[in-house]
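> coords please:
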Amino acid sequence: MKKTTQLRQLLSSGKIVVAPGAFNALSAKIIEQAGFPAVYMTGYGASADLLGAPDYGLLTLTEMANHAARLAQAVNVPVIADGDTGYGNALNVRRTIQEYERAGVAAIHLEDQIMPKRCGHMEGKQVIDAREWAKKIEAAVDTRTDPDFVIIARTDARAVYGLDEAISRAKMAVAAGADVIFVEAPQSVDELKKVRDTIDAPLMANMIEHGKTPLLSVDELQKLGYNLVIYPLATLYMAARAMREAMAELKNTGTTAGLVNRMLAFHEFNDLVGLKEFQTLERKYQVK
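Take a look at the predicted model:
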């Protein structure tokens, strides 16, 4: 079954789809092996991984599509990918959809920020005209070749003009053909409820630790009526802290011996990345 079809079925199952965030192919594999049905490719994490830089609109379409392709090939579950602003106007959005479909992801979300964009929970965001954004969503819908490829419309208007404007834009995106609506950064449970009560479409929630939206559990979001939730930065933040602590230990003690019991063992890591499968293939193709 196509990964796009897998995601469609998950979204229509009546059970909220949980997609933790991956910042590279290794973290995507860890998410899959933990038993999650989908992986979310975070643009925030991609910028940190590829550039060591903040989510400030620095990555190009080509860089993001290539990053998405690496994540998609690393796992057997659907990948939902951050498509930022679509990297330009409606014509640029058309090429973005083509490149992301070619990358093998199952879904993309496109937002209404101006270029260059920034993380949705940072200050100082600006958004384009609502009608222009709706046309960009329309262009995305028109361009996809796989009808199961999921178009997620994200609006950042809550931070700029308030929740009512964000809801108005969300309704425009539904009319333009978006499959899922993502209202970024509601600031209370009541706002999350209002989004659900006023938008007749599947909804996506974004749970960022220390972000602007209350950090709710999967069960709480299920009860609120959300269909998809991402926890985009937990893997990145945990990995960064672990690496920082490991380097501090090495710097302060001159050895990593005190960390050994907290690490994956050599064989455990090899199992994680599928070494045995490669060894089997190597034996198959050896000249005898």
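
> buried residues of the helix or strand harbouring Asp142, list them for me.
Assessed by DSSP states H and E, Asp142 sits inside helix 130-143. Under the neighbour-count criterion of 16 or more other Cβ atoms under 10 Å, helix 130-143 has Ala130, Trp133, Ala134, Lys135, Lys136, Ile137, Glu138, Ala139, Ala140, Val141, Thr143 buried. Every C-beta, even on glycine, is put in place using the N, C-alpha and C of the backbone.

> now the strands for this structure?
17-22, 39-41, 79-82, 107-111, 150-155, 180-183, 204-206, 228-231 (DSSP state E).

> quick check: angle from the helix ranked longest in the chain to strand 17-22?
Longest helix in the chain by number of residues (criterion: DSSP state H): helix 234-253. Here helix 234-253 runs at an angle of 30 degrees relative to strand 17-22 (axes from the mean of the first three to the mean of the last three Cα atoms, to 10 degrees).

> can you name every helix or strand that helix 234-253 contacts?
strand 17-22, helix 25-33, helix 43-51 (3 or more Cβ pairs under 8 Å, 6 or more residues apart in numbering; DSSP states H and E).

> tell me the most buried of those?
The highest average neighbour count among the helices and strands packed on helix 234-253, using mean count of other Cβ atoms under 10 Å, belongs to strand 17-22 at a mean of 25.

> counting contacts, what elements does that one pack onto?
By 3+ Cβ pairs under 8 Å, 6+ apart, strand 17-22 packs against helix 3-11, helix 25-33, strand 39-41, strand 228-231, helix 234-253.

> and these, which is most packed in?
strand 39-41 (a mean of 30).

> mind checking the pLDDT average for stretch 239-247?
Here stretch 239-247 scores 97 as its mean pLDDT.

> run through the residues that contact Gln98.
Thr143 (Cβ atoms under 8 Å, 6 or more residues apart in numbering).

> let me know the closest of the buried residues of helix 130-143 to Ala265.
Ranked by distance to Ala265 (Cβ to Cβ), the buried residues of helix 130-143 are led by Ala140 at 44.9 Å.

> pretty sure the closest one is touching Ile97, no?
Yes - here Ala140 reaches Ile97: they are 5.1 Å apart, a contact under Cβ atoms under 8 Å.

> grab the nearest non-local neighbour of Asp112.
Closest residue to Asp112 apart from its sequence neighbours, by Cβ to Cβ, 6 or more residues apart in numbering: Trp133 at 3.9 Å.

> repeat for Glu63
That would be Leu50: by Cβ to Cβ, 6+ apart, it lies 6.3 Å from Glu63.

> got it, and Pro78?
Ala106 (3.5 Å).

> shouldn't that neighbour be in contact with Asn76?
No - taking Cβ under 8 Å as the definition, Ala106 is not a contact partner of Asn76, at 11.5 Å.

> any regions of the stretch 51-200 of the chain where pLDDT drops low?
120, 122 (pLDDT under 70).
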